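> Okay, here's the prediction I keep looking at, along with the sequence it came from:
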Amino acid sequence: MLLLVYDYMPNGSLDNHLFHELEGNVILEWNLRYKIISGVASALHYLHNEYDQTVVHRDLKASNIMLDSEFNARLGDFGLARALENEKTSYAELEGVPGTMGYIAPECFHTGKATRESDVYGFGAVVLEVVCGQRPWTKIGGFQFLVDWVWSLHREERILEAVDERLNSDYVAEEAKRLLLLGLACSHPIASERPKTQAIFQIISGSVPPPHVPPLKPAFVWPAAVGNIDVDASSADTIPITSGWTPQYISRESFGTGE
């Protein structure tokens, strides 16, 4: 039996600070938002690369991110998490697709399988959620989902208009653009085009430029056509679209902090 033990998290969940007017809560400042995103990236990298087995969380979202007294992030709620065994790269449920709408990667609905790439998709939804102050399933600007609205602003070279207006321009524009582009890259409809957690760290730290994101959101294609995920799909009618971005790598030892 595995037990996950946490320190007391006096600041509760990220969701509460972003979307609920609770007593004592204040609008999260930009530096705290950046710190929280970095901490979640650290936790995800640990699960995917540094634990004894690869672990897929399968339920990344703001309500599952807990904050300590200094707003260091801890990834919580491992009820859906699964360890991958015997060099496998995916985990499949017998029935249904677990998770929360808006955070679930599109290929999961076709294959029923969770992968490190689908976790990265959920991370991308969280990044956009934190920067924009909007839930992933928000209907905004004529779009059904937040990611599509942000992608349209990127296409029109107005991506900074997506930043949470409650910040009143009190944010670092270069950092905001970096995170918004990272959020879109992680939300790429094609799993193989999403950055790995090692590359995500380099982007967040600013040691490498933001990823290239195509101005038009690529169409989803069957994972079998992409070729790097062990799925059972037997056919594909379209050609994969590539973004032209090459991941880079960095290792991290911390788990669940922005340090």
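Cool, got the structure. Residues are numbered from 1 along each chain as shown.
> Let me see the ranges of the strands in the stretch 101-250 of the chain.
113-115 (DSSP state E, counting those that start in this stretch).
> ok, which stretches of it are helices?
In the stretch 101-250 of the chain, the helices defined using DSSP state H, counting those that start in this stretch lie at 106-111, 116-132, 146-155, 173-186, 197-205, 223-226.
> Figure out which of those helices is closest to Asn49.
Smallest distance to Asn49 across the helices of the stretch 101-250 of the chain (CB to CB): 6.5 Å, for helix 197-205. For the C-beta atoms, the positions are set from N, CA and C on the backbone; glycine is no exception.
> May I see the buried residues of that closest one?
For helix 197-205, burial by neighbour count (16 or more other CB atoms under 10 Å) applies to 197-204.
> distance between that helix and the chain's centre?
12 Å (CA atoms, centre = their mean, to the nearest Å).
> Could you number the chain from 50 rather than 1 from now on?
Understood, numbering begins at 50; the last thing we discussed is helix 246-254.
> quick revisit: mind putting the buried residues of helix 246-254 in JSON lines, distance to Leu124 included?
Formatted as JSON lines, the buried residues of helix 246-254 follow (distance: CB to CB, whole Å):
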{"residue": "Thr246", "distance to Leu124": "12"}
{"residue": "Gln247", "distance to Leu124": "17"}
{"residue": "Ala248", "distance to Leu124": "19"}
{"residue": "Ile249", "distance to Leu124": "14"}
{"residue": "Phe250", "distance to Leu124": "15"}
{"residue": "Gln251", "distance to Leu124": "20"}
{"residue": "Ile252", "distance to Leu124": "19"}
{"residue": "Ile253", "distance to Leu124": "15"}
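> and which of those residues is nearest His69?
Of these, the one sitting nearest to His69 (CB to CB) turns out to be Ile253, at 26.1 Å.
> Now do that closest one against Glu224, distance only.
9 Å (CB to CB, to the nearest Å).
> Residues that sit against both of those two, list them.
Common neighbours of Ile253 and Glu224, counting by CB atoms under 8 Å, 6 or more residues apart in numbering, are Tyr83.
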